[in-house]
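1. This is the structure alone, sequence omitted:
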Ligand SMILES: [Zn+2]
């Protein structure tokens with residue numbers, strides 16, 4: 001079976017291939033840098049990371065653009081409250097976002113683009129929309145006339161034909177019930193940052209920024225556009241209206257939307273006290289890999305119910321996989337290949353691939369991995385797994401980890417290198433040999449404090465990072 005995705009635009013699961021050149025041209029609505037991103041945002045970004053990695057596993061190259069929204073109502077409000085310039089204020093949270101993304105092992109998109117560096121492009125696009133009769137001016141602001149775009153509503157599958165012409169909305173975010181002509185260019189208000197342009201003094205609306213930056217770097221028709229499901233309306237609907245009015249061509253072939261994350265089945269909110277950033281979870285002692293695993297483990301189109309039990313279970317699953325890998329790497333296996341087990345490996349790999357090809361069904365893919373781990377652990381217990389099988393098992397594990405990326409422990413601050421750990425173990429062995437058991441225990445405890453666990457086996461000491 002081929003790679004396929006659920007397309008919000010057609011409401012169908014469709015076979016995917018890029019339009020040209022084996023390159024996937026993809027756009028992601030990035031963060032609005034007014035605060036730290038929360039784990040709901042990170043769920044969406046983790047989905048995009050799994051998507052990137054699986055597209056590459058198919059041999060595609062990526063040209064992936066993510067915007068940084070660094071001018072917006074909440075930014076202006078918060079920066080003013082802290083008496084900072086917009087640039088000073090957003091630099092802090094842009095950096096924090098990049099750090100969080102790196103901690104979660106989210107690959108960096110090929111291009112990260114900031115809205116404030118594309119004001120001229122946006123002004124030109126708004127002017128062109130005006131020349132084509134899609135806009136009007138009111139009190140210094142420019143609005144998009146949705147009645148002039150017959151396809152309005154095709155992404156969110158809403159019928160907006162009854163909307164009263166001329167009703168306007170100045171906010172960037174609003175409900176379906178408030179579908180109105182939306183603002184492209186906001187006239188300057190007192191105390192707000194503004195750019196002096198041919199449209200007058202003001203600043204761009206949020207929606208135009210994504211249309212302009214997506215098409216500037218990726219061309220008029222994108223292969224994939226992703227975002228959280230809450231962006232479907234109005235943001236993505238408005239992106240389509242703007243972009244297709246400018247080019248007369250389909251803006252995006254595949255729209256992929258990630259579902260919400262809830263906390264203990266509740267909506268995450270600051271007022272409910274169940275609002276978490278990645279930094280909060282790390283501060284409680286959870287490893288970034290456990291967070292990544294949990295966020296990736298539920299298929300992106302299903303609602304993810306975040307619980308601390310789930311996070312602990314994620315950590316346990318990772319631990320199991322790492323122990324399994326260690327056993328394969330350090331075990332003594334008889335030479336040769338058990339053909340029956342080779343078939344098991346092939347079948348597991350096929351099940352893994354088919355699950356991810358099926359609209360990134362990560363839950364099924366993980367099930368295939370754990371079934372395989374169980375079967376081959378049993379085979380190792382029975383001495384039926386041979387050296388050739390160990391090689392292919394490690395290869396399968398590497399394929400798994402090229403997508404899920406949880407097997408290598410994050411290094412802690414001040415962590416020991418592998419060579420330093422080996423040195424300590426050699427000293428401990430020497431101490432034991434000299435019957436200085438107090439010293440041997442001290443070394444073990446010191447290593448343990450640094451997250452290094454020793455295990456005495458028949459073949460000598462094995463160690464791992466926790
Ligand atoms: Zn966007």
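-> That came through, no problem. As the structure is a prediction and not an experimental result, all values here were calculated from the model.
2. what's the spacing between the closest residue to residue 94 other than its chain neighbours and residue 19?
-> What sits nearest to residue 94 in space, not counting adjacent residues and going by Cβ to Cβ, 6 or more residues apart in numbering, is residue 33, at 4.7 Å. Every residue, glycine included, has its C-beta placed from N, CA and C. Residue 33 is 31 Å from residue 19, where distance means Cβ to Cβ, to the nearest Å.
3. These two: who's more crowded?
-> residue 33 (26 against 12; other Cβ atoms under 10 Å).
4. now the helix or strand where residue 326 lies: mean pLDDT?
-> Assessed by DSSP states H and E, residue 326 sits inside helix 308-330. Mean pLDDT, computed over helix 308-330, is 97.
5. Please name every helix or strand in contact with that helix.
-> helix 288-297, helix 362-381, helix 387-404, strand 460-465 (3 or more Cβ pairs under 8 Å, 6 or more residues apart in numbering; DSSP states H and E).
6. list the contacts for the residue of the stretch 351-466 of the chain found nearest the ion?
-> Proximity of the stretch 351-466 of the chain to the ion (Cβ to the ion) peaks at residue 360, 20.8 Å away. The contact partners of residue 360, by Cβ atoms under 8 Å, 6 or more residues apart in numbering, come to 5, 47, 50, 51, 54, 299, 300.
7. tell me which parts of the stretch 201-350 of the chain are close to the ion?
-> Residues of the stretch 201-350 of the chain lying near the ion by Cβ under 5 Å from the ion: residue 210.
8. can you give me the strands in the stretch 201-350 of the chain?
-> In the stretch 201-350 of the chain, the strands defined using DSSP state E, counting those that start in this stretch lie at 222-228, 252-258, 261-263, 266-267, 304-306.
9. which residues touch the fourth one?
-> When you say that, I think you mean strand 266-267. For strand 266-267, contacts defined as Cβ under 8 Å, 6+ apart pick out 260, 272, 274.
10. One more pass at 6 Å, please.
-> Contact with strand 266-267 is made by residue 274, as judged by Cβ atoms under 6 Å, 6 or more residues apart in numbering.
11. Equivalent analysis for the last one, please.
-> Contacts of strand 304-306 from elsewhere in the structure, counted by Cβ under 6 Å, 6+ apart, are 43, 261, 262, 263, 265, 298.
12. Pairing partners for it, with directions?
-> Paired strands of strand 304-306, with direction, are strand 261-263 (parallel) (DSSP bridges).
13. Run through who's touching the partner strand.
-> Residues from elsewhere that reach strand 261-263, judged by Cβ under 6 Å, 6+ apart: 40, 43, 274, 304, 305, 306.
14. still on that earlier bit, filter the contacts of strand 304-306 down to the buried ones.
-> Buried by 16 or more other Cβ atoms under 10 Å: 43, 261, 262, 263, 298, out of the contacts of strand 304-306.
15. Just the local confidence number for the residue nearest to residue 94, please.
-> 95.
16. Surely residue 119 touches residue 193?
-> No: look at residue 119 against residue 193 with Cβ atoms under 6 Å: they stay out of range, at 10.9 Å.
17. roughly how far apart are residue 403 and residue 110?
-> For residue 403, the distance to residue 110 - Cβ to Cβ - is 19 Å.
18. Which one of these two is surrounded by more residues?
-> More neighbours surround residue 403 than the other of residue 403 and residue 110, with 21 against 15 (other Cβ under 10 Å).
19. Please name the nearest non-neighbouring residue to that one.
-> Nearest residue to residue 403, sequence neighbours excluded (Cβ to Cβ, 6+ apart): residue 53, at 4.7 Å.
20. Can you verify my assumption that the one you found contacts residue 401?
-> No: using Cβ under 6 Å, residue 53 is not in contact with residue 401, being 10.1 Å away.
21. which ones are touching the residue in the stretch 151-300 of the chain that the ion sits nearest to?
-> Closest to the ion within the stretch 151-300 of the chain is residue 210: 3.2 Å, counting by Cβ to the ion. Contact analysis of residue 210 by Cβ under 6 Å, 6+ apart lists 67, 239.
22. need the contact list for the residue lying closest to residue 365 once chain neighbours are set aside.
-> Counting by Cβ to Cβ, 6+ apart, residue 365 lies nearest to residue 355, which is 3.9 Å off, once chain neighbours are set aside. For residue 355, the contacting residues are 361, 364, 365, by Cβ under 6 Å, 6+ apart.
23. Could you do residue 257 as well?
-> 8, 229, 232.
24. pLDDT weak spots in the stretch 351-466 of the chain?
-> 412-415 (pLDDT under 70).
25. So which bits of it are right by the ion?
-> Counting by Cβ under 5 Å from the ion, no residue of the stretch 351-466 of the chain is near the ion.
26. Which of the contacts of residue 355 ranks first by neighbour count?
-> Counting neighbours by other Cβ under 10 Å, the top entry in those is residue 365, with 25 neighbours.
27. Show me which of the contacts of residue 360 are buried.
-> Buried among the contacts of residue 360 (16+ other Cβ under 10 Å): 5, 47, 50, 51, 54, 299, 300.
28. Wait, residue 303 touches residue 265, no?
-> No: in this structure residue 303 lies outside contact range of residue 265 using Cβ under 6 Å: 9.2 Å.
29. coming back round to it: just flag the most distant two among the contacts of strand 304-306.
-> Greatest spatial distance among the contacts of strand 304-306 (Cβ to Cβ): 43 and 265, at 15.2 Å.
30. returning to that earlier point: and of the buried ones among the contacts of residue 360, the nearest to residue 220?
-> Residue 220 lies nearest to residue 5 out of the buried ones among the contacts of residue 360, by Cβ to Cβ, at 20.9 Å.
31. Lovely, talk soon.
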